[in-house]
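Q: give me coordinates for this.
(2 chains)
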Amino acid sequence: MPAGERLSGSPRTGRHKVTMTSSLRRHSLTATYLSLLVAIPLLALCTHALAGGPSQLWRSVTQPEGLRAIGLTLGCAALATLINVVMGLCIAWVLTRDNFTGKALLNSVIDLPFALPTVVAGVTFMTLYGPMSPLHVSLAGTWMGIVIALLFVTLPFCVRTIQPVLETMTWTAEEASLSLGARSSYTFFKITLPVLLPSVVTGAGLAFARAVGEFGSVVFISGNRPFHTEVASSYIFMLTQSQNFDAAASVSLILMLIALVTMTLMSFISRRIVGGVRR
Amino acid sequence: MKSRHTLRLLVLAYIALLIGAPLFLVFQRAFADGWSAFVAAITTPETLSSIRLTVVVAFLVTPLNLVFGIAVSHAIVRHPSRFTKLMNSIIDVPLAISPIVIGLMLELAYAPNGWFGSQLAAVGWQVMFSWPGIALASAVVSLPLVVREIVPILTELGTSQEATAETLGASPWQVFRTITLPNIGSAALYGGTLTFARVIGEYGAVLIVSGNVALHTQTLTLNIAENFENYMPQQGFAGAALLAIFSIVVMIALAGIRRRERNFHGH
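A: Below is the predicted model of the structure:
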């Protein structure tokens, strides 16, 4: 292949050289793989969701049980995200600014929720906070149990997005603020937080999207009682098991749209904040 | 300085309750009746067969996703076009959606009553509710992991070395093998490890597509869940501890790969 074509910068500048069809021909094997794995199944899902027209989609999504499940999911996901944003800030701060023995261990333990299979987390939380709880707190079958499971799976997102930014930040501005007599809380909100805000927003977006779709870690402790502790992914699973595929696809589509809108909104807000800081 | 100590204590307490306590509990319950009880629990025919299936699927999916992941990353970074841009967004889809939804969409496409069900049945392929379905679902959920590791490295690497090799008369395959591959090796290893771990631990997507028949289409995660639902928590905790040990090994391996990568690139 000519070197010029490889080096032809961004898609926009290279458009006249690399057309859609020539690109498709060159990458036909990878394109087939991606189509089989994602594009075709995604298309099947959308087709089923829209099979009965918009009114059918609306009816599927506004079933009282489904509405309750979506509402519960969004509420628990928002609460877990909020708590973990605050705790994520604290943890990232301790990991970068504090020093004590065992810090390295603390740092590596943060990634465990990424690595641990969700079903292991699910059964463990069920035992730890269930009816046989060794801590004598029974949260099984309550929304608080769902929130605890979501706190576990979303924690790494909130720490790992903030931590690198805090690491590259220097003390100078904060020291200046403190030495000029500003209170430490004032310094945090006026100097430290504005710099961290874009990464906080990004982490929150990732955590929320993950929480909205979470299944394995939640399904055991929630108890899946319809209208009470049934989350959206459990509701979709239930619809699938009862062969109600069009309704399952409709709810899935709405869930995907919610995640998509959240991610887009978060990246938009985060970009706006960065722009504001630069200005 | 008092506030610093308060914050440290708060963080340690939070991590202890949220991560430490569950981890401790898994091992405590799994080994409550001693080592031999643990071994007996994970060597029942059902659990053993589920471990075998899980490992086979992971060894099948990981190389496949690694090869395609490298190909897709190369296409996205080195041959930018509107089409590869589309590929780039499709790759990220599994990250943004629920595993349950991934299982559902695969069922809608490939189940006997789905889009391609009759065609697949005609050639005698049962994809859903058998091991190919489990492999397919595992491949989808772990699809972005390799690409997300390699794309930044490939972008940072730039094209100057590759272009030099090319002008010196190297064939595209030679350029890839001698220049590109050594540079993305660590990232590929990292992404491959993430993929392997994700496949071993996947639950939601596999639950829908596998059929979940013990001794046949039950993976280890499904086996653990079933043992819990059938009021055999001891049995379930043995499997859960096995997966927890595996996760810790994976985390150590990932840290090792990162360290090696940092040494390789200097400072």
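
Q: can you pull out the helices in the stretch 101-250 of chain A?
A: A:103-109, A:112-115, A:118-128, A:143-168, A:172-179, A:184-187, A:193-213, A:219-222, A:232-241, A:245-278 (DSSP state H, counting those that start in this stretch).

Q: could you say what helices and strands the longest one packs with?
A: What it means is helix A:245-278. Applying 3 or more CB pairs under 8 Å, 6 or more residues apart in numbering or on different chains; DSSP states H and E, we find helix A:245-278 packed against helix A:40-49, helix A:53-61, helix A:64-97, helix A:193-213, helix A:232-241, helix B:82-96, helix B:99-110. Where you see a C-beta, it was placed from the backbone N, CA and C, and this is true even at glycine.

Q: contact partners for the residue nearest to A:F227 when sequence neighbours are not counted?
A: Distance criterion CB to CB, 6 or more residues apart in numbering or on different chains; nearest residue to A:F227, sequence neighbours excluded, is A:R68 at 5.1 Å. Contact analysis of A:R68 by CB atoms under 8 Å, 6 or more residues apart in numbering or on different chains lists A:226-227, A:230.

Q: under the pLDDT cut-off, which ranges of chain A? List them.
A: A:1-18, A:275-279 (pLDDT under 70).

Q: what is the burial count for the residue of the stretch 51-200 of chain B found nearest chain A?
A: Using CB to the nearest CB, the closest approach of the stretch 51-200 of chain B to chain A is made by B:S98 at 3.0 Å. Residue neighbour count, defined by other CB atoms under 10 Å in any protein chain shown, stands at 27 for B:S98.

Q: quick check: closest non-adjacent residue to it.
A: The spatial neighbour of B:S98 that comes closest, neighbours along the chain excluded (CB to CB, 6+ apart), is A:G213 at 3.0 Å.

Q: ok, back up a step: and the residue nearest to A:F227, how far from B:Y203?
A: 24 Å (CB to CB, to the nearest Å).

Q: what ranges do the strands span in chain B?
A: Counting by DSSP state E, chain B forms no strands at all.

Q: mind giving me the domain split of it?
A: Domains of chain B are assigned by automatic domain parsing as B:1-30, B:35-264.

Q: right, is the shortest one up against chain A?
A: Yes - residues of domain B:1-30 contacting chain A under CB under 8 Å from any CB of the partner chain: B:3-4, B:7-8, B:10-12, B:14-15, B:18-23, B:25-26, B:29.

Q: ok, now which ones touch the residue nearest to the spatial centre of chain B?
A: Central residue of chain B (CA atoms, centre = their mean): B:R198, 2.3 Å from the mean position. For B:R198, the contact set (CB under 8 Å, 6+ apart) comprises B:138, B:141-142, B:145.

Q: kindly provide the distance from it to B:A58.
A: From B:R198 to B:A58 the distance is 9 Å (CB to CB).

Q: next, count neighbours for A:S60.
A: Other residues lying near A:S60 total 21 when counted by other CB under 10 Å.

Q: excluding chain neighbours, what is closest to it?
A: That would be A:S250: by CB to CB, 6+ apart, it lies 3.7 Å from A:S60.

Q: contact partners for the one you found?
A: With CB under 8 Å, 6+ apart, A:S250 has these contacts: A:48-49, A:56-57, A:60-61.

Q: again with B:R260
A: By CB under 8 Å, 6+ apart, the contact set of B:R260 is B:S186.

Q: got a list of what residue 157 touches?
A: Picking chain A for this. By CB under 8 Å, 6+ apart, the residues touching A:F157 are A:84, A:88, A:203, A:206-207, A:210.

Q: hm, I was asking about chain B
A: B:180, B:183-184.

Q: tell me the one of the residues you listed nearest B:M105?
A: The closest of the contacts of B:L157 to B:M105 turns out to be B:I184 (CB to CB; 30.3 Å).

Q: ok, that closest one touching B:I153?
A: Yes - using CB atoms under 8 Å, B:I184 is in contact with B:I153, at 5.3 Å.

Q: tell me which parts of the stretch 51-200 of chain A are close to chain B?
A: Residues of the stretch 51-200 of chain A lying close to chain B by CB under 8 Å from any CB are A:87, A:90-91, A:93-94, A:98, A:100, A:106, A:108-113, A:115-128, A:134-135, A:148, A:151-152, A:155, A:184.

Q: returning to what we had before: between the contacts of A:R68, which is nearest chain B?
A: Proximity to chain B was ranked across the contacts of A:R68 by CB to the nearest CB; first place goes to A:E230, at 12.5 Å.

Q: quick check: closest non-adjacent residue to the closest residue to chain A within the stretch 101-250 of chain B.
A: Ranked by CB to the nearest CB, the top residue of the stretch 101-250 of chain B for proximity to chain A is B:G201, at 2.9 Å. Closest residue in space to B:G201, ignoring its immediate chain neighbours: A:P117 at 2.9 Å, by CB to CB, 6+ apart.

Q: check contacts around the one you found.
A: Taking CB under 8 Å, 6+ apart as the test, what A:P117 contacts is A:216, B:200-203, B:221, B:243, B:247.

Q: for those, which entry has the maximal number of neighbours?
A: Of all these, B:E202 has the most neighbours under the rule other CB under 10 Å, reaching 30 neighbours.

Q: hang on, isn't that one packed against B:T221?
A: Yes - B:E202 is in contact with B:T221 according to CB under 8 Å; the separation is 6.7 Å.

Q: about what we covered before: can you list the contacts of B:L157 in a markdown table and add pLDDT?
A: Below are those laid out as a markdown table (pLDDT from 0 to 100):
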| residue | pLDDT |
| --- | --- |
| B:T180 | 92 |
| B:N183 | 91 |
| B:I184 | 93 |
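
Q: highest neighbour count among those?
A: B:T180 (24 neighbours).
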